[in-house]
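In: turn this into a structure:
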Amino acid sequence: MSAHEGSRSRALSGRASRAAGQRRHGRYVLTCYLDDLADTATPPVNRYEQLVIADHVLREAVELLTAHHGAWTGIGKWMPRRLIAADPVRGNALLAGHQAVAECADPGPLSAAVGELLELVGGPLREGYAHRWQARPTEAQR
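Out: This is a model prediction of the structure:
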């Protein structure tokens, strides 16, 4: 098998699944963003905050859902294309929810779609989660 054929084969087979720690961290981050998005549902709404949070929610949701399906993700125009290819029903629900925030300041549809996604990947993760940061060794420690 040539290098080109090997690369093509790996690309077509999808990406490697995320490690358990990465999945847990993604669930935790998405749960935090979802909680923040829920806080924007009651007036007075700071639209700048709401839009920024909705963008973060969508990005993390895309990462989790595509990883769940072992599918590639993307940026820019490729993000919605890869999302819908990985899971048309949930992908369209996430994108429609994001659009509802952008056009109508309504976080309800996006929150509902993310809630379903979190249930698919193990549920929301809040209490008891701890992320251990690994500091890089300094020159003196090497």
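In: what helix or strand is the nearest residue to Thr40 once chain neighbours are set aside on?
Out: In space, and not counting its chain neighbours, Thr40 is closest to Gln50: 4.0 Å by Cβ to Cβ, 6 or more residues apart in numbering. To be clear about C-beta, it is placed using only N, CA and C from the backbone, and glycine gets the same treatment. Element membership of Gln50, judged by DSSP states H and E, is helix 47-68.
In: and the next element down the chain from that helix?
Out: On the C-terminal side of helix 47-68, the nearest following helix or strand under DSSP H and E is helix 78-86.
In: for that next one, name the packing helices and strands.
Out: On a contact count with 3 or more Cβ pairs under 8 Å, 6 or more residues apart in numbering; DSSP states H and E, helix 78-86 meets helix 47-68, helix 88-104.
In: which residues touch Leu120?
Out: Leu65, His68, Arg90 (Cβ atoms under 8 Å, 6 or more residues apart in numbering).
In: remind me which residues of this structure are low pLDDT?
Out: Scanning the chain for pLDDT under 70 picks out 1-18, 130-135, 138, 141-142.
In: export the contacts of Leu120 to CSV and tack on distance to Glu119 and neighbour count?
Out: Shown next, in CSV, are these (distance: Cβ to Cβ, whole Å; neighbours: other Cβ atoms under 10 Å):
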residue, distance to Glu119, neighbour count
Leu65, 12, 23
His68, 12, 19
Arg90, 11, 20
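In: out of the residues you listed, which is nearest to Ala140?
Out: Closest approach to Ala140 among the contacts of Leu120 (Cβ to Cβ): His68, at 42.2 Å.
In: against Gly91, how distant is that closest one?
Out: Distance, His68 to Gly91, by Cβ to Cβ, to the nearest Å: 12 Å.
In: over to Lys77?
Out: 14 Å.
In: of the two, who's got more company?
Out: Gly91 (24 against 8; other Cβ atoms under 10 Å).
In: residue contacts, that one?
Out: Shown in contact with Gly91 (Cβ under 8 Å, 6+ apart): Leu65, Pro80, Leu83, Ile84, Ala85.
In: mind giving me the ChimeraX command for buried ones among the residues you listed?
Out: For the buried members of the contacts of Gly91, the matching ChimeraX selection, counting by 16 or more other Cβ atoms under 10 Å, is:
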select :65,80,83
